[in-house]
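Enquirer: quick one: sequence and predicted model below, then my questions.
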There are 2 protein chains.
Amino acid sequence: MTTMIDPLRRAATVASAAQAVKCGEFTLTYAETWDRCQRLAGALTAMGMRRGDRVAVMGANCHRYLELYQAAPGAGFAIVPLNHRHTDTELRYALDDSGARVLFCDRDAGPFGSGVEHVIRLDSEYEELLTHAPRSPFPDDVREDDIAGLFYTGGTTGKPKGVMLTHGNLIANALHFQAEAPFTPRTRWLVAAPLYHAAGSVAVLPTVWHAGLQVILPAFEAAAALDLVEQHRVTDALFVPTMLAAINEEQARRPRDVSSLRAIHHGGSPIATQTLRHAHANFPGASLIHSYGATETSPFATMLVGEEGILDTPRARSCGQPIIGVDIRVLDTEGNDAARGAVGEVAIRGANVMAGYWKLPGETAQVLNEGWFRTGDVGYMDEDSYLFLVDRAKDMIVTGGENVYSTEVEEALYSHPAVLEAAVFGVPDERWGEAVHATVVLREPIEPAALIAHCHALIAAYKAPKQIDISEGPLPKSGAGKILKRELRAPFWEGRSVRISGA
Amino acid sequence: MTTMIDPLRRAATVASAAQAVKCGEFTLTYAETWDRCQRLAGALTAMGMRRGDRVAVMGANCHRYLELYQAAPGAGFAIVPLNHRHTDTELRYALDDSGARVLFCDRDAGPFGSGVEHVIRLDSEYEELLTHAPRSPFPDDVREDDIAGLFYTGGTTGKPKGVMLTHGNLIANALHFQAEAPFTPRTRWLVAAPLYHAAGSVAVLPTVWHAGLQVILPAFEAAAALDLVEQHRVTDALFVPTMLAAINEEQARRPRDVSSLRAIHHGGSPIATQTLRHAHANFPGASLIHSYGATETSPFATMLVGEEGILDTPRARSCGQPIIGVDIRVLDTEGNDAARGAVGEVAIRGANVMAGYWKLPGETAQVLNEGWFRTGDVGYMDEDSYLFLVDRAKDMIVTGGENVYSTEVEEALYSHPAVLEAAVFGVPDERWGEAVHATVVLREPIEPAALIAHCHALIAAYKAPKQIDISEGPLPKSGAGKILKRELRAPFWEGRSVRISGA
């Protein structure tokens, strides 16, 4: 019975005059945000939207995005956040697949938006829409198992799938998050990661529920992020690793007053211990919190709180323990519990686990079983259930019968000072089935043979790359900063059937 | 899908070696507690208990009580905590009404226990039962809407009713609580209030979920409580007001090192501001947190965090704002929303609201409507939804057409230094319908007429008591320390039909 609009309903009730959001020149109170969200619900209803219809949104982070994220589901519709870095073809696919009837967009939608009935420009038409819309009360019969949104999974593997998250899923994740990390009316959260990504929107409901303040960074830029932290006395932020590295560099270059920061969350992809050491040096008053999860789990599954205190221990390389409300298992190839410490596929259960993939019952059945979501991530748990990820199942390489975890090889490459970026994957090999292949971006010139020799000194011979390509430009990345190995690997596998790798 | 045993399952997984409970000479780790709970489930199953059967428990706070509270519901049974201060007749009523098949008891059950199939002494037979029991895995098909327990409401009004709380209700309350107050693995909670009461058991699930430590006080005694705080570096505790007053007195008399205390929760009944001032002086490192709720709401509905900072403001007299996950309305006599600031009946909605009263569909229908629970408490909310309670609906007096809130009159009486205890209620009156009546316990002699004159100086004439009785002994109280006005009022109303007071 708790829905995506209930946190805002509470905030408007308990702290109507409190500042809700700062976005550039805009400052809105909770009373104003509540009024705007009611008008937005009224506008959507006036457009003829029916219960369960989809509302797509594509644009940079802004207060209007936050309003859509809460009011559209609250009014009984499903939000469809689109990644604005995607190509027109990918965007059109998500719009067609979701059947969105309305699209809010901060640029000319052009060809990709032509299939929807209403295209509303966030930067020019949105305010007018609200001005003329009647306030609509939010329906009280929206159910916890109604779909709150379709979240298209980012492009590291295969065709995008619409992850169906219910109100109950997202509310559960918000409660689990609050059980692990304190939110209060004094929380000032920097919205730094893109809101279309789970890492960007994960703190919306908890912050609003406590009537805290959200400070919005429209597009990531390290200097602007630190300026906002200083100017608005930001207390909490979440960065993906590439962002945190940039923040570190900027703060070292030109220190701001960051004494208000008490927690820096990071997640989205693995992080180098060195980045954490720099973060601790640059932000000594902040606790470092690593989280792991998936879009399909709304997203949090594990958390490592207080990393700064254990940087010299093995557990600093883990992604922490199952959070409150979430169960985790590591499964062997038969789908049974792997022995403690043994590597297998990570499975997640909890009220935060998605309802399924939109219109893809087959794909849903492959990953959901009796409440357990199979993540496709490969890892192991230690005796206290600290989870150590070793690879994506799809990125694991089977060569001559041996499993090679691409991340282990990448770490060996990254330990060489000449290596700026590295991606390791399997390529077809007549003799070994797959051979270990690396594509790297260099800081300074070095011969591939010298890098291979460097790896041989660190890891077993069968794990070392057989071949290394030097890339002239940066490696292709997703919106969340993950290297798109799929794109690098594809040319090698063209015309071959895709290997289904077991965990 | 989350049940009462899942917090312990997590704790045993993430921190098996951590201390779970200290009770007298006993110290148990989470691994040990988990093992004991599995054996307890095995023992109950071996007794022939079937899904949904009731398990009653009556006794002082102890580690065994905690085990029953988690393992019996986890195994698919319903726990029935009994108030050991009740008479044999009352206990027998609850046992018969619930149909409990087994009773765990720390004294000879005698006549009240004769209706159950198995009586197991907590102090002598329990350990042997565990020793011989097989470990039973907890079933994974216990549902969130299965009844986890029947909690018989304390005796301030009428016949005891079995409040049916589901797993979902108690888990929701635990999540709401964690969203408002931080729990961590370093939480050391003093179990001070009786576990059969919601105030005593409210922190069990959150503390266990975080693998914190519970330090158990078998029966309340201020000196022993403070000794445990000092000895075990207790961080959090909840006291009912009478306990907190005694704790204050003891700490002032013989100060302990209480520097570990960071939060003192209080609830269960209204508290005097003076008690809070003393608490803040005695425990300067602790935040004072006032909570309000009902057994029917599992129990938390509102919370006032950081009271120590607002003791000189009007809101110090409120019981705070709706907590995360809970909606509150104040209803007028027609059942509509009362105007902001206007007095009416408090209604509560949330995933924490009970399934109903056991075998009492009529009584259930009277208080539950579309998810809203009518509390029978009368109060109002200010512009930021701070809730101010003015009375129990049943304790409100209607005299000559005017509403008189008994608590307001009691406050006037308490403000006289001669008054130690005061209870105000309505008695039949030919002319006014009801007349305001007070029963008081004195610290020093004073004439009733002088007390009535004291009231006339403070409150309107129609609110002042028409008559005051002086009681020689202390007023009758419930296990939670509430004065039982029902018992005081009953003789005046004998032979008359009971007034149903609207809000």
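Expert: That came in fine, so what should we check first? Numbering: from 1, shown residues only, chains lettered A, B, ... in the order given.
Enquirer: okay, now residue A:313: neighbour count?
Expert: Residues lying near residue A:313 (other Cβ atoms under 10 Å in any protein chain shown) number 10. To be clear about C-beta, it is placed using only N, CA and C from the backbone, and glycine gets the same treatment.
Enquirer: over to residue A:168?
Expert: Close neighbours of residue A:168, defined as other Cβ under 10 Å, add up to 21.
Enquirer: wait, what's in contact with it?
Expert: A:2, A:144-145, A:351 (Cβ atoms under 8 Å, 6 or more residues apart in numbering or on different chains).
Enquirer: so which of those residues also contact chain B?
Expert: Residues of the contacts of residue A:168 in contact with chain B (Cβ under 8 Å from any Cβ of the partner chain): A:2, A:351.
Enquirer: report the buried members of the contacts of residue A:168.
Expert: By neighbour count, with 16 or more other Cβ atoms under 10 Å in any protein chain shown, these hold A:2, A:144, A:351 as buried.
Enquirer: enumerate the residues of chain A near chain B.
Expert: Contact residues, chain A versus chain B (Cβ under 8 Å from any Cβ): A:1-2, A:6, A:9-10, A:13-16, A:175-176, A:178-179, A:182-183, A:206, A:209-210, A:321-322, A:324-325, A:327, A:349-351, A:371, A:383-385.
Enquirer: would you mind giving me the PyMOL syntax to select the buried ones in the residues you listed?
Expert: Here is the PyMOL selection string for the buried members of the residues of chain A next to chain B, based on 16+ other Cβ under 10 Å:
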select buried, chain A and resi 1+2+6+9+10+13+14+15+16+175+176+178+179+182+183+206+209+210+321+322+324+325+327+349+350+351+384+385
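Enquirer: ok, then the element right after the longest helix along chain A?
Expert: Across chain A, the longest stretch assigned as helix under DSSP state H is helix A:30-46. Per DSSP states H and E, the first helix or strand lying C-terminal to helix A:30-46 is strand A:54-58.
Enquirer: which parts of that following strand are buried?
Expert: A:54-58.
Enquirer: got it, and stretch A:21-34?
Expert: Burial within stretch A:21-34, assessed by neighbour count using 16+ other Cβ under 10 Å, is assigned to A:21-23, A:28-34.
Enquirer: what about that stretch, how long is it end to end?
Expert: End-to-end distance for stretch A:21-34: 12 Å, by Cα to Cα, to the nearest Å.
Enquirer: how far out from the middle of the chain is it?
Expert: 25 Å (Cα atoms, centre = their mean, to the nearest Å).
Enquirer: contacts for it next, please.
Expert: Residues outside stretch A:21-34 that contact it (Cβ under 8 Å, 6+ apart) are A:8-9, A:11-12, A:15-20, A:36, A:61-63, A:66-67, A:211, A:213-216, A:218, A:232.
Enquirer: strands - which of those land there?
Expert: Among these, the residues falling in strands (DSSP state E) are A:19-20, A:213-216.
Enquirer: which of the residues you listed sits closest to residue B:225?
Expert: Closest approach between the ones in strands among the contacts of stretch A:21-34 and residue B:225, by Cβ to Cβ: residue A:213, at 39.2 Å.
Enquirer: neighbours of the nearest residue to that closest one once chain neighbours are set aside, how many?
Expert: Nearest residue to residue A:213 in three dimensions, chain neighbours excluded: residue A:188, at 4.6 Å (Cβ to Cβ, 6 or more residues apart in numbering or on different chains). As a burial measure, residue A:188 scores 22 neighbours (other Cβ under 10 Å).
Enquirer: my guess is residue A:188 meets residue A:233, correct?
Expert: Yes: Residue A:188 is in contact with residue A:233 according to Cβ atoms under 8 Å; the separation is 6.1 Å.
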